[in-house]
Structure formats: C-alpha cells, structure tokens
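Engineer: requesting a structural model of the entry that follows:
(10 chains)
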There are 10 protein chains.
Amino acid sequence: MTQSLINTKIQPFNATAYHNGDFVELSEKDVLGKWAVVMFYPADFTFVCPTELGDLADYYDRLKEMGVEVYSVSTDTHFTHKAWHDTSDTISKIKFPMIGDPTGRISRNFGVMIEEDGLALRGTFVINPEGEIKVAEIHDLGIGRSAAELFRKVQAAQYVASHDGEVCPAKWQPGEETLSPSLDLVGKI
Amino acid sequence: MTQSLINTKIQPFNATAYHNGDFVELSEKDVLGKWAVVMFYPADFTFVCPTELGDLADYYDRLKEMGVEVYSVSTDTHFTHKAWHDTSDTISKIKFPMIGDPTGRISRNFGVMIEEDGLALRGTFVINPEGEIKVAEIHDLGIGRSAAELFRKVQAAQYVASHDGEVCPAKWQPGEETLSPSLDLVGKI
Amino acid sequence: MTQSLINTKIQPFNATAYHNGDFVELSEKDVLGKWAVVMFYPADFTFVCPTELGDLADYYDRLKEMGVEVYSVSTDTHFTHKAWHDTSDTISKIKFPMIGDPTGRISRNFGVMIEEDGLALRGTFVINPEGEIKVAEIHDLGIGRSAAELFRKVQAAQYVASHDGEVCPAKWQPGEETLSPSLDLVGKI
Amino acid sequence: MTQSLINTKIQPFNATAYHNGDFVELSEKDVLGKWAVVMFYPADFTFVCPTELGDLADYYDRLKEMGVEVYSVSTDTHFTHKAWHDTSDTISKIKFPMIGDPTGRISRNFGVMIEEDGLALRGTFVINPEGEIKVAEIHDLGIGRSAAELFRKVQAAQYVASHDGEVCPAKWQPGEETLSPSLDLVGKI
Amino acid sequence: MTQSLINTKIQPFNATAYHNGDFVELSEKDVLGKWAVVMFYPADFTFVCPTELGDLADYYDRLKEMGVEVYSVSTDTHFTHKAWHDTSDTISKIKFPMIGDPTGRISRNFGVMIEEDGLALRGTFVINPEGEIKVAEIHDLGIGRSAAELFRKVQAAQYVASHDGEVCPAKWQPGEETLSPSLDLVGKI
Amino acid sequence: MTQSLINTKIQPFNATAYHNGDFVELSEKDVLGKWAVVMFYPADFTFVCPTELGDLADYYDRLKEMGVEVYSVSTDTHFTHKAWHDTSDTISKIKFPMIGDPTGRISRNFGVMIEEDGLALRGTFVINPEGEIKVAEIHDLGIGRSAAELFRKVQAAQYVASHDGEVCPAKWQPGEETLSPSLDLVGKI
Amino acid sequence: MTQSLINTKIQPFNATAYHNGDFVELSEKDVLGKWAVVMFYPADFTFVCPTELGDLADYYDRLKEMGVEVYSVSTDTHFTHKAWHDTSDTISKIKFPMIGDPTGRISRNFGVMIEEDGLALRGTFVINPEGEIKVAEIHDLGIGRSAAELFRKVQAAQYVASHDGEVCPAKWQPGEETLSPSLDLVGKI
Amino acid sequence: MTQSLINTKIQPFNATAYHNGDFVELSEKDVLGKWAVVMFYPADFTFVCPTELGDLADYYDRLKEMGVEVYSVSTDTHFTHKAWHDTSDTISKIKFPMIGDPTGRISRNFGVMIEEDGLALRGTFVINPEGEIKVAEIHDLGIGRSAAELFRKVQAAQYVASHDGEVCPAKWQPGEETLSPSLDLVGKI
Amino acid sequence: MTQSLINTKIQPFNATAYHNGDFVELSEKDVLGKWAVVMFYPADFTFVCPTELGDLADYYDRLKEMGVEVYSVSTDTHFTHKAWHDTSDTISKIKFPMIGDPTGRISRNFGVMIEEDGLALRGTFVINPEGEIKVAEIHDLGIGRSAAELFRKVQAAQYVASHDGEVCPAKWQPGEETLSPSLDLVGKI
Amino acid sequence: MTQSLINTKIQPFNATAYHNGDFVELSEKDVLGKWAVVMFYPADFTFVCPTELGDLADYYDRLKEMGVEVYSVSTDTHFTHKAWHDTSDTISKIKFPMIGDPTGRISRNFGVMIEEDGLALRGTFVINPEGEIKVAEIHDLGIGRSAAELFRKVQAAQYVASHDGEVCPAKWQPGEETLSPSLDLVGKI
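Structural biologist: Residues are numbered from 1 along each chain as shown, chains lettered A, B, ... in the order given. Got it, this is the predicted structure:
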C-alpha cells in the first residue's frame, strides 16, 4: 500500500547544489526552520523543465518575501547544473539552489523516482518550518505545472498555519473569507 | 519507501454511491474507458468539503462535455451521502456520483487514508481511459483545492495524450503553443 | 478458533462522541468504574437501527438510576451522529453518548465489524465496573434486539455480582428467588 | 482479534447424545437442513443449568412445530447425561438430544469453552438451515437465560429469512409490523 | 519417540475431588511426601470401572496403613463423581478422593488421554514420596486390572526404597528373600 | 507430552536373537500374525533379570499353547546372550528368542531406554496379532515383575478380543463372568 | 568476499547513448560478437575525465581497425552527454558511443559504482567477443589512466585468444616473442 | 553484486614469506604505514609468472627509494618459493618478500582466487600507508602485466596523495602538469 | 565434511570399567596427565577381538614403564566384560581397564561407532598428556591390528613431544636418527 | 560428531598429477576397479615427507604386483611436484602418480586438511576396488609412518575380501592362520 507523504517529516539527505555561482553543501537541516518549496524535474538540457523552472523563477522574489525558500532537484550532478545555467537563457534567471541528486536519494525520499529511468517525476512539495509536507502535487512527464497555483497553495498553507481554528475553503485567495469550524456549522454549509 | 502512484493503474474496488436520487453499485470497471477525476474529502457534514464539492460541481458540465466523469469519495456511507444531499443547499447541486467508502478500501488504494482518524485527506487524481493515474494532488486537511486549476490539468493531460510527441509547458492553457522534444532542442530552451 | 469475549477486559480506544449537543472525547477509561452497556448498530440514517436506539432510549433513565451508562456505537463520524440527531424525531430522544467509530477500532475490539462492509453487526455487551464483559448478544443485520430483555440481563448480572454465592436461574426477574449452589443441591434440581 | 461467529458456518463434529432412552450418534450433517438452536451449559448435576434446560423444554413442542430442532451440550459424557435424566425430575422432561462433548470440540467450535475449567459458558446459538449462525448470546456462568426471548429471536430470524426485503424492528413479535428498507426511508425513522 | 514416565516427576495440576461427602481442592503438592497410587479410568456410570474401583476400595485400609494414599481420576466433573457415589452401591464404598479432570490436564500429564474420545485409558501409577513414578501399568479399555497385584508392587517398591542395596526378584512377596547385587553374583544367577 | 503406547502399532526393527542354539534374524514382521509378549530387562549377567526370565520361562509352554510367542530383549549383543545361556543354569531353561538390541532401537521403540545408562527398563508389553499394544507394564530397575499376573492379562486380552461386546472386570480369571455393556447397565454397577 | 569479474560474462543492460549526433539505444547484445573496451568515468563537465576520454579518442581509429568497439559510460544522461559534446573541444573529438547510465545499472554491473556519490570509479574493462571480461583496471578518482597501456593489453588479449597454447609474457608488445607453456619449461624460466 | 575494492581497507592475514634467504612471518600490520604493491600470480615453476616477477624485480630499487614495499603472492608454500628461488636465474634476482598463501586467504581477501583451480589471477594492487587500495589491475591468466605502467600509477597515486586539491590527468608522468579542479574549469576542458 | 580428530582434545565421558577384579568409575579426567592408548573393538565373546586384546596385553608392562595407560572399550556392559574375563583364557591375561560403553558415547566421541550395528570399529588412538589425539588408526571389522607397530608409534610420538625441533622420519625406531627441520634442508632430502 | 570414513565411498575429485615425466588428469573414476593406497603428506620440499615417500617407493613394485595402485597427495601444484622430482634424489625414485591438490578438495574429502595451514596431515588410506575405505591411519605432522606395516594391512584387507567368512587376527601375516567366525567359537577364544 502506498501511503501519501502528507504530514510526514522530510527524510535526511546530503547534497551539493549550484547556487549563485557557487557549489554549496545542503542537508535536510537547511530546509527546516522556514517554509520551503521543493520542485523536482526529470533532467537538465530537456524541454518542459526549463519552462517550469523559468515560471517558478518569476515568483521567486515574492516567495522569498513570504519567508519561503525554493529548491529545484534533478538526478543530474551539480557540475551539469552549472553547465546548464551557463549556457541556457531561461535557466540563467534562476536564483534559488539547484540541487544535484545523482544517487537519487532525495528523489526516492519524496517518492518521485522513476526507477527504470533514473529520473524524477514532476513533483512539487510545500513544506512547513517543522519539515512536514503539507501539499503534494505530482504530474506525469509531459504535463507542466503552474507556479501561480503553487503560489496560491503556499499562501493558503501559511494562512492556516498561522490562524489557529480557521480553514481555507476551495480556491481561497488572500483577503477572502476563511471558515472557523464549529458544531453549529455541521450540516449548514 | 513511498512511491508515488503516477502511471500506476487504479486498484479494484466495489462501492455503493448516491447518484441523482438512487443508490448505484460502482467498481473500477466503471472508471475505465473514459477520463476520470476522483476527488477525496474527509467527511460529510463538515466545513471545507462542501466548498470544494460545490466548486467542482460548477465545472461538472464542462468536464462531462470533454468526456470526463467525476467521482467524490469519503469514508461515510451512501446513506449519509443521501442525507447530506437532502439537507445541504451546496451539496444538493451535485450531479456526479458520491461514493461511500466505509471500509476505506478506495481511500487506501489511493494512499489518502489517515489511519488514526478513519478519514481521507484532500486528494484529487486525474485518470486516463486506461485507468492510469496521470496527475495527483494532495492537501493537508485545512487547505482547499481549486477546481479551475484541476480543469487546466485535465485539459493538458488530454492534449498530451492525444498529440503524440508534444508536451505541455508550464501553465499551459488550451490554444497556447506546446513543445515537440527533439535532439536539436537539447540545451536550447 | 474464535474464543468468546466473556470475562475478558475491554480493549483501549479513543473516540469522539456526540452527547447532549456537544462533541466529547471518550476512552476505555471512561467506561471503567461503573456498569456499562455498549450497543453497536450498522449505520446512521438506516431502518432497524433507530427503532432499537429508541427502544433503548426509553430504558435510559432506569439504567442510569441503577448506575449503568449506555454507549451507542457505529462506524459513522460524530458529525453524522449530530446531523442524524438534528433531523430524526426518534434519535433526538437519545440522551446517552453516540460514539463515532470511523476507524472501526472499537467495533473490531468487540468482534462485531463486518470487514467487507465497514459496518458493525447488532451487538450488545454488558460490562461490569472492572471492565469485564459479562453478557454478549449479537444478531445478524435484519433481526432487532429487545431492550426489555437487555434490562433483565443487566439486573441479573448486577444481582450476581453483589450477592456472593448466589446465582440467577433461567428467566429470573428482580424479586424472584435465586439459587445458592451447595453440595447438597447436586442432582436435586 | 476475536471475530464474532455471526454468518459463519458451523464446523464439523461427531458426538454421542442421549435422546429419548437411546444413545445416538450425531454430526454437523444432522444439524443442516432445518433451523436449530444449540444451547451450551457448564455441567450436569449443577444448579442454574437445570432451570435453563427445563425452561427450554417447555418451549420444545412449539419450536418443533416451527421446524426447529434443539440440542443441549455440555462437556459431560452421554453416560452422565443418561444418569442425570434418570435421577432428576426437571431433566427427565427433556425430549431433545443431550449431546456429550467430553473432548470439548463442539464447545471450542462455538467459542464457549472455558479452557481453565474444561466447562462451557452459557451460550445459545440460532442456526439457519444452511448452517449459518444468525443469533448468538453468551452469559457468564451465574446469569440465567430466558427461553421466551430466545423464542422471539427464532421467530424474527425465520420471518426475515422468509420475507425478502423486510427487517424486524426492535422487540418485534409475530403479527407486528416489519420494515421494508428503501431509499425514501433514509433519515425518516 | 515416546519415552516412558518411569523415574520422571509428576507434573503440576489443580483439581477438585469428591472425598467423603465434600468437594476438596487438590494439587501435585498434596501428592508429594507420601507414597501414592493414581488410578485412571474412562468414565463414571460405565461398566468395568466400578469393578476396578470396588476392587481397589477393598485394599484401601491396608494401603493407608502402609502410608499410601489412593486417587482415582476420570475426565468427569466432581459433580458427576458425587452423583455416582450417591447412586451406586459399589462406588459408595470408596473412601479415597475421586478427582474430576474435565480439562484432561492430569490425564495428559500421565499420557493416558484418548484424544479422540476425551476419556482416560485404564492406567495405574505408583509414586514415591519424592513424586517419582516407579511403576506404571496401562490397559486398553476392556481389560480389567488386579488390585492384588498392584498391592504386591507397592510392597516391593517400598521395600526396595527402604533397603538400600537390595532388589526384589520376580513375583516377590513380603517375607521372601531379596537379592543384594555384588560383583561376585555376576553370572551366578 | 508423553502419550502411552496403548493401541499404537509396533515400529519396524531388525535384530539378531539367540534361539535354541542358533543365531536368527528377526523383524517386526515376525511378531505380526499372532499374540506376542515382549519383555525387556536391563542387562545380561545381572541379578533380578534372571529371576524374571526364569519365572517367564516356566509359563512359556502354556503361552505357546495359547498361540502366544515370547521375546526377551536387552541391549546386549546376541553373542553375550549365547555366552549367558551357556553359563547360567536359570537362563539355560529359556526356549524363547533372546533378542540382542545393541543399537537400542527396539528399546526406544517401546519407550523403555534409559538414555544415560544405555540399558532398558523392566517393561512388558502384550501385543495382538495386528501388532497393536494392548497392555503395558513398566517397573523401575529394582522391582521384579510377576509372570502369573502377566499370564492373567494375556488371557483377558485374548478373551476380550474374541468375544465381541464383552469386557473383563477387575481381577478376572478365565471361567469367571464378564460384562456386556448396555444402556440399561448405566449407573447400575 | 568480493570476487573479481575476470572471466565472468557481462550482465544485461539497456541504455541510451549519444553517438555521432544521434541518440541510440544499446544493450548487452550490441557488445557481444566483437572485442570491446568499456570505460567508466565519474561525471561530465569535470576535470580528469576529459583528458582520459581525449586520450582514448586518439586511439579509437586503431582500435576500430583491430575490430574493437569502445564505449564510455557515466551516470549522466544522454542529454548531458550531447550538451558536453556540443560545448567542449576535447569531447567533440569523440566518435564512439557515450552511454548515459542515470540508473547506475551498468556501473553496478561492473562493480564501479560509488554508492554514496552516485558516480562511477575510473574503471576500464576489456571484453572478448563472447562477452567475457579478460582485463580489468580500476583507479581511485584522482589518478588518470593511460590509453597506450590499454592498447597494449588489448593487443595481448587478442593475441592470446587467437594463438592457442601461447601466452604473453610481461610488457609484451606485438612482434615480440610469446611463450608456449610445456612440461619441459617447468623451472626453466 | 561485485563491488570493486578501491578505497576499502586491506583485510587481516598471517603468512610466511621467503625473503632474502630467510623464512619470515608477515601480517597486514607489516603492510600498513608505507605505500605497498601486492602482486599476485598463479603458481611457482610456471611460465608468464617469472617474466612478470623479473620485470618487477628490475623496478624494485626505484620503488624502495620512493618508500614502496613490494610483495609477491601465490598459493604455493614458502618452501616452494625457496626452492624456486634456489633453482631459477630469473627468480633469484628477487629481493622482495615472496609470500606463501597455501590457505588462499590473502588471494580471497583481494578477490583474485580462482576457486576451481586453487590458484590466483594476475592481480596487482597499489595500497596507501593507511592500507586503502587506490589502484587495482587484474588480468586473465595468459596476459602479462607491465611493471613500467605500474610504476607510473604508483607515482601518480603518491603525487595525488601528497598534493591536496590536484589530480593527475590521463597518462601523466612526474614532471608533467596536473589539474586543480575548480568551478571555473567546469565545461572548459 | 568429516574432519580427522588429530590434535583435537578428547571429549568428556563417564563410564564403568572392569579392572583387576573390580568395577571402577572412569572419566576423561583419568585419561589426562599421562600418555594413553584407547583401543576400541566390536564386541565381547567374538573372534578377532580377543587376539588383538591378547596381543596388546603382551605389551602392557613395557607401555606402563613408558608412562602409558591402556584402555580397551566396547559397547558391552562392564558386567559382560567381567563374565568374559572370568571365562576366557586370553582375556584373563588383561590387566588394563576394560571400559563398558553401552550408551556408545565414548565410541561416538572417537568417531568409531557403527550406528546400524551399535558396535565400535577397530580403532586405536594415541593421546598425549594434554588429552590431544596424536595418532589415529581405524580398521574395518575383519582386519586385525598390530600391537608392535602401535608400540613403535607411541615411542615416536613421545620422542617428538620431548625433543623440541626434531621429527621422526618414516619407520623410525628408538636409537635411530631423527631430523631437525631447517631452511638449509629444503629440497635436500 | 566426527564419524570415521571406514566403509564410506571415496568422494568425486578432479586433479592433475605428475607421473613418469608427464602431467596426467585423474579423477575418482581412475581409483575405482582396483585396490588403492592414497597417501597424504604436508608439503613438497620439506623433511619427513621425502623419507615416507621414499619408504613407500621401495614397496611400489610389490604393491603393483598385488594389483594395488599408489597415489601421493599434497596441496602443492603438479608444477611443484615436477620440480621436486627433478631436483631430489629420493623423490626421483617415485614411479606412482603425485597428485597436486591446490584447492584442497581431495584433502578435505579424506578429512586430513589442516585448515589454518592449508596443508594435509600424514594420512594413509587403503581403498578396495569398490572405492570403499577399509583402513585409515593418520599421524600428527612430526611422526613418520611405516610402509612395511601398511603393506601388511593391504595384504590382510585383500585376504579378508577374497576369503568369505574368514577374518585376520592381530598382527596376521600372509601364510598365517585366519579365523572363521562361528557360533561354536563364541567365548572360546
């Protein structure tokens, strides 16, 4: 039986990332203590991936302001990430860490490894400061994600986490009303 | 290790649903042969759930036109589904089958059962006519989903499935350009 | 081999019940220390169940006077119990806790879970203050129970527990003679 | 986990019974094909047992008319059953087979063996012609059963079995109304 | 491989016996500290058994004088033993404890349980004050034992135990010569 | 648990015996087809053994007339049996086969091997023509057996085997009355 | 125990390689039937690797003339191989297939996977047309290999394979004498 | 899966070697603390082996100057090593220890034992002072090794070990340039 | 795999022996502290055995002078040993302990038990004062041993044990030259 | 438990031997069909071994006349055997096959391998034409064997094998009397 990862804690890892012209060491400890988005994609130098990474890069400043770090992950090495960043216009916009996962450990931790290919599915995860996964979204290879919807989900997750006893209804946007569950509401919505 | 369900086939099940004033028997065989959306929620007579179900109900006619059936699932019985449909304005709009899953078998098949509560997480799955899961999205309990984004994903999944050799880039909408992967594009996007 | 539960102790559980307009948390600790009747039924919003629950509700005051608490249990949630209590005349009479058992743990503890349906059989159990089951009665789904006979059994069980060395003969009612087993009676009844 | 025996089939057995002045061989095959009541008690030449057996003996003719056979069972031998029948006024009324179960096999089949005593609990089972147990009732040693209530249960079980789609509400007696479950009744009782 | 019980210690047991108009509790501790004869038979109210028990009853006073206690055992209850003692002329002569073994534990301890019948074989055991079995004799059901020969064996066992270095030859009777094994006797008898 | 050998079939064996001046090969096949007495003793050239063997030798002609063969067995070799027969007056009387059991296989088959000594206990077994053990008698080393009582048991075993429906009461001797069990005798002896 | 791979057959694999401007599918079947050199290195876009690959590229024409195919392998994807070939002067010289091994299967088949890094050691293997490994050479990461010495080993392996009964002494070069083992040479070299 | 020995530590062993006219005891402790070459060959008194041993003997003085000890190993005894040294001109040049490995333990430690022959493959290993294997080279039996290339590898291994942050490119010789990996070099070689 | 006993220590045992007109208890502790010969043979009162025992008896005084004890062992009892000693001229010469091994424990300790016969092979063992077996010799049943050759072996074993660094060549007799192994002798004998 | 090899069949093996100037392949099949002596020794080029081999070589012609083949075995290779034969005067006398056992398989088959040394003990085995071991003799390393005594044993083994019903007494030599076991001889030798 395959149990979803929602509300489980992220597993330990060690990795090297390419980040702003440097090679940096990262572990699960770096992810804890703030909100985080982890975004997997199959491979450098391919096709849908750069459009998704570029889409996410455009939201990066706003996410940073909300206290959210972003990490992109593929099973390529950090050497290849640097080479791609050096040679692709879209990728060169990226300012968040690009993690190399050649052992596949992180991709397996999040259940997105395609074992027969050695590549990751298109999976995005929103993680709270305690390291618990609150939102998961996984697409088959050909179907691109939307950074705008991801942005909305992060906003909702943060709102719920900081407003005890309130929940966000469908398609909630910041500024809209939330719900406060109570016995009187049972059967009234 | 928890492996994602993307590209696995749906598991067998038997269930009774409340559908348009009747109790009907459903199995995995009814799901095969057309596109399907399966939408889990925690419990009848609660709070976020009716807003999500109502949001989805508003898209139902358009999804039907695209050949997509929708199924909502909770661990309540079909008796309770009927009672809720009879007494809630929002729920009374629903025209798709509301599946009762008191054994939790379907919720466990899709990995969304919260074992300590006996309730399902907010999980949505897009399934192709072969019964393969192409898109998965799971939220922790308090964070509502967006039917509009789900609608976009279904459109992209159908487009990719019917246009061999094309893939949908990030935030693709019908009418926009897709990509045709080729050796010449390597490193060019 | 299936061994009956008579004289075994009740197993631990945690549950939420609907009780007099509130949602309350209950565990096996709440059951200990007084006599208790635990009454399982298949599902809210069904047919035989409300007649049995109503029949039992009519005896509730007398049982309370005898120091006996009553708990009804189904695999529905406490939300559904409240909705049923709000909308059914018969059920609205109930003043004892209606336990929600969506995980089925309590139903399995008492051996009355129908695994293929996710529903409980019609089982009634009389439990002494030490938490030991003294009387068990289980019917297949269509056959209703009698609260009057249950009431007689509780009286007999209490009488035997408080009158050391006496036993209650067949169809005993309070006020009738009991038996004191002794060597002289061997072969004389 | 101890699963109740309701709706399971009776297990094979071989036994010798004292019946109307003869020793007769019985097996599970003799039980099949008609309704049956199997009534366990701890031991011959004791105290509550003869009152229960006498109580049941008084209903025997009516049960026979309804096509129901009765079997009493204890872990004594058939020799002892005969000796008790010869010497006790109450027991001499009995016209149904008194089964000797010195190996305890039948008592274990029905889950009523007290292993540390080698004696059976007070258990009564109503069995349909297919050999399926429809009603079970088990008391700790000191608490006598009621043959009248057993008679009512047998009547309800037979009624439900022969009237497809009807169920017997609480404390139902022959002649009273039954219920026919239907979608329209949901939430109306 | 079935190893004989000679020189093994008796196993623990707890039992209720009928003894001189009372029900008494016995355990292996009551057997230790004196010589004992344990005599198994199949069932009360049968045929060969009373002749053997009566035969042994006639030797009881002499055995008591020699410091030997006698215990008869069957898988009947102590209730049945009392009923038999009350109604049979032969059995009413018995003054030694008649142990009820409805669980069969003692019969199994001595290897004489016939599992398919739940009854004991005709086995007699002579036990020394240390609880060690010195003589065993087991007959199939139809073949009666001789209390006279048992009496001779008890005498020989006591003689050997109290006369260090002497052994009793074949068919020895008290007063006859015994043998003192020595190297000089090797090959001389 | 040590189960007695009564009513089990003798196990296969191969052995060499000293018999009337010859060494002869014997197996379990030689024992089948007639009544047999198998008599174990600890060792040649010892003390109690020759008295028991001599006692049995005196009954040999009468047993042969009744169709009973006798076999003595010890863990000595057949060479040693011959040497003992050549040099001892008592042993030279023996006309039945003296089996050598240096591997201890036969002694273990009958459960009389004392493993720490490599010697057999004093065990006697009466075997019917089907090879089933009907009577067993085992003494600790110092306590001699009685051939007269063995002779009585063989007579009783043969009588019961050839008179269907009759059983031999205690201390029965040929010519005395036997019992025919019947329902009318229950509780009358 | 770690047994060397010498004289074992290569294991099955499937892989995509970048070869002369195309992506091609390869398996172990493509390797069989001719001599082959398989050369592992840690990662594209690194440091020692391009010097080794360039060194080998210079020998490729001569090896092809000798009927030897060359395969380079790293755990990068074929997309990355193409990107490297497109952007590096040294690598652009390569005319042999560059296999992508992102699952690490081939690297594990040859025992050169560094599991904690997800990268391959510097291992070179000479394989005969039957698929048997005849020469193995593995260096820790910082120590470069010599294509000239590899070329000498391939020549020696081919010579020995085609000249039955001759062996190549130390530092043998084509044209030099070989040895023909014979009994007369024992102790003479 | 067969994992290469690179970067593992050598295993413990005890052996007797022939060394400069003496028999000496050696263990893995003697190997630690300096660089070492361990060179396996199949058998004394054979053909390729003496040419390889002679080739290596010619480099021995230079290796000693670089702080490298050499050990040759075969599964022959040290007695045979001495006899070969006494009678062969080539072997008599050897000044390094010739280890006897008749139990095959050392050959198995290094994975070069041919189990069906009881002989070692032609394996050479370069070991650093910490006992870690840095270079491994194994040939099938008929293909001789080159001491010159081994000498180059030892030089490269020592250079890399003593120059932190530098690596030796392909076919490096002392005096040639090495590489210092840095982020700026990525994609530039 | 059957490993020889040479250089293993003798196993613990307890036994009774016939020795100079007495029965004596012996254990492995009696064997330690001096040189010993243990000589097994199949059975008393047989054919080859007495010639071997007599042959050994003739060397007994000389062996005693050399500090060597002798033990003969068969699976017969000590009773039988005495009877044989009493009646056989050859055996009556024996002055060493004749051990009875009816359990076969000692024979199994030395690996000479023929399990299908319960008899020992003709095995002789020379044991040093530390209890280590230095010489073993085992014949099939029909082939007699030579006490003279055994005597020579004992002399050689004692000489080697007391002359450190010397070994006894083939067919060595006391007074003849021994060998002192040295490196110079390698290949010279 | 270590069971001796007497009367077991030799195990399969394959080996290369040096024999009369040639290398020959041998297996257990070559040993069958005639009498054989297999003689193990520790190592070539040592000390006691050549004296034993020379002693045996002197008996070789006589053994051949008796139809007996001789095989010497050590864990050295056949190459080393040849080198020893070429250089040692004593060994050059040998005309029987000298088997090389570098895997130790044959030495382990006969239980004479010293595992911690990789060398064989001094073991000699006489094998009949059916491949059954009839005589075994094993010495610790320093104690030489006697070819004369071996010759006597071979003669006795052959005599017994060809004269049915006769056995060879102690120290028998050809021409001396043998024994014919019979019942009359029991106790007479």
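
Engineer: give the residue spans of chain A that score low on pLDDT.
Structural biologist: For chain A, the stretches flagged by pLDDT under 70 are A:1-2, A:189.

Engineer: mind checking the longest helix of chain A?
Structural biologist: Determined from DSSP state H, the single longest helix within chain A is helix A:48-65.

Engineer: against which helices or strands is that helix packed?
Structural biologist: Using 3 or more C-beta pairs under 8 Å, 6 or more residues apart in numbering or on different chains; DSSP states H and E, the elements in contact with helix A:48-65 are strand A:35-40, strand A:68-74, helix A:147-162. Yep, even glycine has a C-beta here, placed from its N, CA and C like the rest.

Engineer: leaving out sequence neighbours, find the closest residue to the residue in chain A positioned nearest to chain J.
Structural biologist: Using C-beta to the nearest C-beta, the closest approach of chain A to chain J is made by A:T103 at 40.1 Å. Of all residues not flanking A:T103 in the chain, G:G118 sits nearest, at 3.4 Å (C-beta to C-beta, 6 or more residues apart in numbering or on different chains).

Engineer: for the one you found, what are its contacts?
Structural biologist: Counting by C-beta atoms under 8 Å, 6 or more residues apart in numbering or on different chains, G:G118 touches A:T75, A:T77, A:D101, A:P102, A:T103, A:G104, G:T75, G:G104.

Engineer: where's the residue of chain A closest to chain J relative to chain I, distance?
Structural biologist: The gap separating A:T103 from chain I is 43 Å, by C-beta to the nearest C-beta, to the nearest Å.

Engineer: and what of A:K188?
Structural biologist: Distance, A:K188 to chain I, by C-beta to the nearest C-beta: 82 Å.

Engineer: could you grab the helix/strand/coil label for that residue?
Structural biologist: With DSSP: H, G, I helix; E, B strand; the rest coil as the basis, A:K188 sits in coil.

Engineer: any idea how many residues pack against it?
Structural biologist: Other residues lying near A:K188 total 13 when counted by other C-beta atoms under 10 Å in any protein chain shown.

Engineer: got it, and A:L141?
Structural biologist: Counted with other C-beta under 10 Å, A:L141 comes out at 23.

Engineer: A:R105 contacts A:I10, doesn't it?
Structural biologist: No: contact criterion C-beta atoms under 8 Å: A:R105 and A:I10 do not qualify, at 11.9 Å.

Engineer: separation between A:R122 and H:F110?
Structural biologist: 46 Å (C-beta to C-beta, to the nearest Å).

Engineer: no no, A:E176
Structural biologist: Using C-beta to C-beta, we find A:E176 at a distance of 70 Å from H:F110.

Engineer: between those two, point out the one with more neighbours.
Structural biologist: H:F110 (25 against 11).

Engineer: check chain A for the residue nearest chain C and tell me.
Structural biologist: Closest point on chain A to chain C, by C-beta to the nearest C-beta, is A:G187, at 4.7 Å.

Engineer: that residue: how many residues sit nearby?
Structural biologist: A count of neighbours around A:G187, defined by other C-beta under 10 Å, yields 21.

Engineer: do A:L183 as well
Structural biologist: If we define neighbours as other C-beta under 10 Å, then A:L183 has 12 of them.

Engineer: give me the phi and psi for the closest residue to it other than its chain neighbours.
Structural biologist: Closest residue to A:L183 apart from its sequence neighbours, by C-beta to C-beta, 6+ apart: C:F23 at 6.1 Å. Torsion angles at C:F23 (phi, psi; degrees, to the nearest 10) stand at phi -100, psi 120.

Engineer: wait, what's in contact with C:F23?
Structural biologist: Per C-beta under 8 Å, 6+ apart, neighbours of C:F23: A:L183, C:T16, C:A17, C:H78, C:K82.

Engineer: repeat for A:R145
Structural biologist: By C-beta under 8 Å, 6+ apart, the contact list for A:R145 reads A:M39, A:E52, A:D55, A:R122, A:T124, A:E137, A:H139, B:A170, B:K171.

Engineer: in a strand, it, correct?
Structural biologist: No: A:R145 is assigned coil when assessed by three-state DSSP, not a strand.

Engineer: can you tell me how far A:E52 sits from E:S27?
Structural biologist: Noted for A:E52: a distance of 80 Å to E:S27, by C-beta to C-beta.

Engineer: who's more crowded, the two?
Structural biologist: More crowded of A:E52 and E:S27, by other C-beta under 10 Å: A:E52, with 23 against 11.

Engineer: how near is the more buried one to A:G175?
Structural biologist: Using C-beta to C-beta, A:E52 is found at 27 Å from A:G175.

Engineer: same thing with A:K29?
Structural biologist: Distance from A:K29 to A:G175, by C-beta to C-beta: 35 Å.

Engineer: tell me which of these two has more neighbours.
Structural biologist: Taking neighbours as other C-beta under 10 Å, A:K29 and A:G175 compare with A:K29 leading, 11 against 6.

Engineer: quick check: phi and psi at that one.
Structural biologist: Torsion angles, degrees, to the nearest 10, at A:K29: phi -70, psi -30.

Engineer: now do it against A:N14, distance only.
Structural biologist: A:K29 sits 10 Å away from A:N14, going by C-beta to C-beta.

Engineer: now A:G187
Structural biologist: Noted for A:G187: a distance of 51 Å to A:N14, by C-beta to C-beta.

Engineer: please apply the same query to A:S4.
Structural biologist: Note on A:S4: its distance to A:N14, by C-beta to C-beta, is 25 Å.

Engineer: between those two, which one's more packed in?
Structural biologist: A:S4 (21 against 13).

Engineer: pull the contacting residues for that one.
Structural biologist: The contact partners of A:S4, taken as C-beta under 8 Å, 6+ apart, are A:A136, B:T2, B:G111, B:V112, B:L121, B:G123, B:I138.

Engineer: hmm, 7 Å instead?
Structural biologist: A:A136, B:G111, B:V112, B:L121, B:G123, B:I138 (C-beta atoms under 7 Å, 6 or more residues apart in numbering or on different chains).

Engineer: and for the fourth one, the neighbour number?
Structural biologist: This points to B:L121. Burial of B:L121 is recorded as 22 neighbouring residues (other C-beta under 10 Å).

Engineer: can you count the residues close to the spatially closest residue to it that is not a sequence neighbour?
Structural biologist: In space, and not counting its chain neighbours, B:L121 is closest to B:V112: 4.3 Å by C-beta to C-beta, 6+ apart. By the measure other C-beta under 10 Å, the count of residues near B:V112 is 27.

Engineer: may I see the buried residues of stretch A:52-62?
Structural biologist: Using 16 or more other C-beta atoms under 10 Å in any protein chain shown as the test for burial, stretch A:52-62 gives A:E52, A:L53, A:G54, A:D55, A:L56, A:A57, A:Y59, A:Y60.

Engineer: thinking again about what came up before, save the helices and strands packed on helix A:48-65 as JSON lines, and put in mean neighbour count too.
Structural biologist: Formatted as JSON lines, the helices and strands packed on helix A:48-65 follow (neighbours: other C-beta atoms under 10 Å in any protein chain shown):
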{"stretch": "strand A:35-40", "mean neighbour count": "23"}
{"stretch": "strand A:68-74", "mean neighbour count": "23"}
{"stretch": "helix A:147-162", "mean neighbour count": "20"}
